[in-house]
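Colleague: here's a sequence, model it:
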Amino acid sequence: MVTALGSLAAWSWLLLGQGMFWRTDVRLPPRREPAAWPSVAIVVPARDEAEVLPRSLPSLLAQCYPGEAEVYLVDDGSRDGTGELARRLAAEHPGLPLTVSSPGEPAPGWTGKLWALRHGIALARSGPHGEPAYLLLTDADIAHEAGSLRELVSAAETAGLDLVSQMARLRTAGPWERLVVPAFVYFFAQLYPFRWVNRPDARTAAAAGGCVLLRTEAAVRAGVPDSIRQAVIDDVSLARAVKRSGGRIWLGLAERVDSVRPYPALSDLWRMVSRSAYAQLRHSPALLVGTVAGLALVYLVPPAALAAGLAGGRPALAATGGLAWLVMAGTYLPVLRYYRQPAALAPLLPLTALLYLLMTVDSAVQHHRGRGAAWKGRTYPRPSDA
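Modeller: Numbers count the residues shown, from 1 in each chain. As a prediction, this is how the structure comes out:
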């Protein structure tokens, strides 16, 4: 009963005191078109992305932007012909100019993505049109609807923002995607409530790496990407660096930005989460134990208390567990609506949380076996060991 009350107390706090993380109405702030459109360089790091590039790159090339804009695709040692495919797509879908380049293998102490971003940013800043006012850092699996770039720049210019990031709507086509993907956004917002991120006086900082519009001047001031070159969770590290250097940042949910990467099997989603989960915990066994205990208390205790109370004829225990589970499911409903998923998935959040708990433990196990933070043929050590 004490544990069940503790879980209910935790949900009361999460409902009212965690920045209203469960709300999904944080969208691009009010904006107006600038009198003069600033120049933008779109930098796309890509490694073995031939599967998704035909659905993402044409959407960038087709952006109708009134100012100077060009695309830099950085082929990070792909083995599937990503660079050649990008050039072919540019020929088939004429639009914004495209430059395809390769930086070679990352220097010691760099992650592959940040090494590619460093190369792309350097190319953009030395381009034929001079240094761009903004950098749009977007992943190779992200498709932008028409007008996406205009809306991002308008928001940044209107509000004087140095970083504008939208969390792309991830794919939810298969059963495992429907079960796991909305919860990914839900948990992220719980860790980094968007309203706190967007307050200049708050310490909370985060971004969604699939779509980041960054003022070039702010990037230089924050020393990125060099200052975060070892970061596995590079989007959060980028936002922290910009905010620490005095920049104004904004993060919200996307309306015109979608991920086209499929995760058809549970193993695909498992790898996506486990590759960086232990890095999120700073590779700390103590934080791992605390996280597992916290996930169990918050997500697993309510259904267990309800079941135990019903089975043992203890109505107070059943009511406490049931109320905590009800609050949990209620806070999950807005995210499910955002993803156009049925409300019937809300009571299954404890099951999804159990999967995330196991993914986090597996992330730590793989790290201690020397296979932590593995992605597309590369394994990254913890920053202190790099």
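Colleague: where does residue 128 land on pLDDT?
Modeller: pLDDT recorded at residue 128 is 77.
Colleague: next one: the one 4 residues further on
Modeller: pLDDT, the model's per-residue confidence, is 98 for residue 132.
Colleague: strands of the stretch 151-300 of the chain, start to end?
Modeller: Using DSSP state E, counting those that start in this stretch, the strands of the stretch 151-300 of the chain run over 163-169, 211-215, 249-259.
Colleague: counting contacts, what elements does the last one pack onto?
Modeller: If I follow you right, that is strand 249-259. Secondary-structure packing of strand 249-259 (3 or more CB pairs under 8 Å, 6 or more residues apart in numbering; DSSP states H and E): strand 142-144, helix 148-159, strand 163-169, helix 194-197, helix 234-244. Glycine gets a C-beta too; all of them are placed from N, C-alpha and C.
Colleague: neighbouring strands - and their directions - for that strand?
Modeller: strand 142-144 (antiparallel), strand 163-169 (parallel) (DSSP bridges).
Colleague: possible to save those as TSV with mean neighbour count, distance to residue 313 and mean pLDDT?
Modeller: Output for the strands paired with strand 249-259, formatted as TSV (neighbours: other CB atoms under 10 Å; distance: least, CB to CB, whole Å; pLDDT from 0 to 100):
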stretch	mean neighbour count	distance to residue 313	mean pLDDT
strand 142-144	24	53	98
strand 163-169	26	45	98
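Colleague: make JSON lines out of the ones you listed and add distance to residue 131.
Modeller: Shown next, in JSON lines, are these (distance: least, CB to CB, whole Å):
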{"stretch": "strand 142-144", "distance to residue 131": "23"}
{"stretch": "strand 163-169", "distance to residue 131": "17"}
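Colleague: for stretch 329-347, measure first residue to last.
Modeller: 5 Å (CA to CA, to the nearest Å).
Colleague: so residue 167 is in contact with residue 212, correct?
Modeller: No. Using CB atoms under 8 Å as the test, residue 167 is too far from residue 212 to be in contact (10.5 Å).
Colleague: deepest-packed of the helices and strands packed on strand 249-259, please.
Modeller: strand 163-169 (a mean of 26; mean count of other CB atoms under 10 Å).
Colleague: which one of the strands of the stretch 151-300 of the chain lies nearest to residue 338?
Modeller: Minimum separation from residue 338 across these (CB to CB) falls at strand 249-259, 6.5 Å.
Colleague: quick one: mean pLDDT over that closest one.
Modeller: 96.
Colleague: flag every buried residue along it.
Modeller: 249-254, 256-259 (16 or more other CB atoms under 10 Å).
Colleague: re earlier: include distance to residue 81 when you put the helices and strands packed on strand 249-259 into a markdown table, please.
Modeller: Shown next, in a markdown table, are the helices and strands packed on strand 249-259 (distance: least, CB to CB, whole Å):
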| stretch | distance to residue 81 |
| --- | --- |
| strand 142-144 | 20 |
| helix 148-159 | 27 |
| strand 163-169 | 25 |
| helix 194-197 | 38 |
| helix 234-244 | 25 |
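Colleague: select, out of the ones you listed, the one closest to residue 338.
Modeller: Smallest distance to residue 338 across the helices and strands packed on strand 249-259 (CB to CB): 7.7 Å, for strand 163-169.
Colleague: got the angle between that closest one and helix 148-159?
Modeller: 140 degrees (axes from the mean of the first three to the mean of the last three CA atoms, to 10 degrees).
Colleague: what residues does strand 163-169 touch?
Modeller: For strand 163-169, contacts defined as CB atoms under 8 Å, 6 or more residues apart in numbering pick out 28, 142, 152, 155-156, 185, 188, 207-208, 210-215, 218, 235, 238-239, 242, 247-255, 257-259, 338-339.
Colleague: and the angle for it with strand 211-215?
Modeller: Using the same axes, to 10 degrees: strand 163-169 against strand 211-215 is 170 degrees.
Colleague: host element of residue 146?
Modeller: According to DSSP states H and E, residue 146 maps onto no helix or strand at all.
Colleague: quick revisit: in a markdown table, list the strands of the stretch 151-300 of the chain along with distance to residue 71.
Modeller: Shown next, in a markdown table, are the strands of the stretch 151-300 of the chain (distance: least, CB to CB, whole Å):
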| stretch | distance to residue 71 |
| --- | --- |
| strand 163-169 | 17 |
| strand 211-215 | 14 |
| strand 249-259 | 16 |
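Colleague: out of the ones you listed, flag the one nearest residue 267.
Modeller: Among the strands of the stretch 151-300 of the chain, the nearest to residue 267 by CB to CB is strand 249-259 (18.1 Å).
Colleague: quick check: the nearest residue to residue 90 once chain neighbours are set aside vs residue 151, distance?
Modeller: Closest residue to residue 90 apart from its sequence neighbours, by CB to CB, 6 or more residues apart in numbering: residue 98 at 4.2 Å. The gap separating residue 98 from residue 151 is 22 Å, by CB to CB, to the nearest Å.
Colleague: please apply the same query to residue 175.
Modeller: Residue 175 is 33 Å from residue 151, by CB to CB.
Colleague: of the strands of the stretch 151-300 of the chain, which is nearest residue 59?
Modeller: Closest to residue 59 of the strands of the stretch 151-300 of the chain is strand 249-259 (CB to CB; 9.0 Å).
Colleague: for burial, what's the neighbour tally of residue 295?
Modeller: When neighbours are defined as other CB atoms under 10 Å, residue 295 has 19 of them.
Colleague: please apply the same query to residue 219.
Modeller: As a burial measure, residue 219 scores 25 neighbours (other CB under 10 Å).
Colleague: now it. Nearest residue, chain neighbours left out?
Modeller: Nearest one to residue 219, counting by CB to CB, 6+ apart, is residue 135 at 6.3 Å.
Colleague: assess the claim that the one you found and residue 213 are in contact.
Modeller: Yes. Using CB under 8 Å, residue 135 is in contact with residue 213, at 7.5 Å.
Colleague: shared neighbours of those two, anything?
Modeller: residue 40.
Colleague: from memory residue 214 sits against residue 132, does it?
Modeller: No. The pair residue 214 / residue 132 is not scored as a contact, 10.3 Å apart, by CB under 8 Å.
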